[in-house]
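[1] Following is a predicted model, sequence given first.
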Amino acid sequence: MTVFDMSGQGRYRNLWTNYLSGAEAVLFVVDSSDILRLCVVKDELSALLTGGELKRCPIAIFANKMDLPGALPQAELARRLGLTKMLRTWKWSIFATNALTGEGLEEGAKWLSSHLNPNHTQ
Ligand SMILES: Nc1nc2c(ncn2[C@@H]2O[C@H](COP(=O)(O)OP(=O)(O)OP(=O)(O)O)[C@@H](O)[C@H]2O)c(=O)[nH]1
């Protein structure tokens, strides 16, 4: 598996499109404690899905920083981002994660790898 870690910083987001056409899966990491920026997250995810470069592939949303006070529970994060509607034609799932302790990461990674298209050849 080849993984590209794309920066979420605004000035680098335009680089995402260079990697989308060959992508077999997306792991989209959200800071679930940063409620003020959720509208930016929603817009960016929507643009990623509707830009035309990404083909249908599994999408795992990591509701990260679950350990921080005020972090939204994953169901609430999904609701605020409108994921059910936005991702209705995609295979997707959401996982509460803590990248510092590793909690939730394996579950999310396993889900993603088990939903990869088995017919893909590089
Ligand atoms: N408390 C907490 N802090 C986290 C967690 N995940 C990452 N961090 C911290 O958040 C900060 C940013 O982490 P990065 O891994 O640099 O974030 P990033 O999104 O990859 O950054 P860019 O690549 O610049 O977009 C660091 O200080 C991490 O230690 C988490 O689950 N909980």
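    Yep, it's here.
[2] Now do the helix or strand containing A75: distance to the chain's middle.
    Per DSSP states H and E: A75 is located in helix 74-81. Relative to its parent chain, helix 74-81 has a centroid offset of 13 Å by C-alpha atoms, centre = their mean, to the nearest Å.
[3] Which neighbouring elements make contact with the very next helix or strand once past it?
    Remark: after helix 74-81, the chain's next helix or strand is helix 83-86, criterion DSSP H and E. Secondary-structure packing of helix 83-86 (3 or more C-beta pairs under 8 Å, 6 or more residues apart in numbering; DSSP states H and E): helix 38-50. Any C-beta I mention is one placed from the backbone N, CA and C, and that applies to glycine too.
[4] The ligand contacts on this structure?
    Residues of the chain lying near the ligand by C-beta under 6 Å from any ligand atom: S7, G8, Q9, N64, K65, D67, L68, N98, A99, L100.
[5] Mind doing that once more with 8 Å?
    Selection of the chain residues close to the ligand by C-beta under 8 Å from any ligand atom yields 5-9, 12, 29, 31, 33, 64-68, 97-101.
[6] What subset of these is buried?
    For those, a neighbour count by 16 or more other C-beta atoms under 10 Å gives the buried set as M6, G8, V29, D31, N64, K65, M66, T97, N98.
[7] any chance of these in CSV, with secondary structure too?
    Below are these laid out as CSV (DSSP: H, G, I helix; E, B strand; the rest coil):
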residue, secondary structure
M6, coil
G8, coil
V29, strand
D31, strand
N64, strand
K65, coil
M66, coil
T97, coil
N98, strand
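[8] Perfect, that will be all.
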